[in-house]
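> show me how the following folds:
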Amino acid sequence: MHRCNVSKLLTRLMEEFAIPSGPRKELINNHCSEFMQLIKDRVCVEYPNP
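Residues are numbered from 1 along each chain as shown. This next block holds a predicted model:
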């Protein structure tokens, strides 16, 4: 996982939470799904199935 990908994702999440009307649920869900995929991809690279 590239540090810049995680940083960009976290920046987008922080910007979404800073919106005065509140975060949009669908965007938060998308960002969280993207984060989980980044983690999953990283785990599969570091710890492949035997």
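> hey, let's count contacts and neighbours off CA atoms from now on
Fine.
> can you get me a residue count around I28?
By other C-alpha atoms under 10 Å, the residues close to I28 number 16.
> how close does the nearest residue to I28 once chain neighbours are set aside sit to Y47?
Nearest residue to I28 in three dimensions, chain neighbours excluded: L13, at 6.9 Å (C-alpha to C-alpha, 6 or more residues apart in numbering). Going from L13 to Y47 by C-alpha to C-alpha, to the nearest Å gives 28 Å.
> between the two, which one's more packed in?
Shown here are L13 and Y47; by other C-alpha under 10 Å, L13 has more neighbours (17 against 9).
> let me see the residues that make contact with the one helix or strand that one maps to.
Using DSSP states H and E, L13 sits in helix 3-17. Helix 3-17 is touched from outside by 22-24, 27-28, 31, 35, with contacts defined as C-alpha atoms under 8 Å, 6 or more residues apart in numbering.
> give me the most central residue, the protein.
F35 (2.6 Å; C-alpha atoms, centre = their mean).
> report pLDDT for that residue.
With respect to pLDDT, F35 scores 82.
> same thing with L38?
For L38, the pLDDT comes out at 81.
> so it, which state does it fall into?
Using DSSP: H, G, I helix; E, B strand; the rest coil, the secondary structure recorded for L38 is helix.
> about what we covered before: out of the contacts of helix 3-17, which end up buried?
Neighbour-count burial (16 or more other C-alpha atoms under 10 Å) is assigned, among the contacts of helix 3-17, to 28, 31, 35.
> name the element the second one belongs to?
Remark: H31 resides in helix 25-46, with elements defined by DSSP H and E.
> between that helix and helix 3-17, how many degrees?
Interaxial angle, helix 25-46 versus helix 3-17 (axes from the mean of the first three to the mean of the last three C-alpha atoms, to 10 degrees): 160 degrees.
> please tell me how far L10 sits from N29.
13 Å.
> higher neighbour count, these two?
Each of L10 and N29 has its neighbours counted (other C-alpha under 10 Å); L10 has more, 15 against 11.
> local confidence estimate at that one?
Predicted confidence (pLDDT) for L10: 84.
> again, but for M1
Looking at M1, its pLDDT reads 46.
> so what touches the helix holding H31?
With C-alpha under 8 Å, 6+ apart as the contact definition, helix 25-46 has outside contacts at 1, 6, 9, 12-13, 16.
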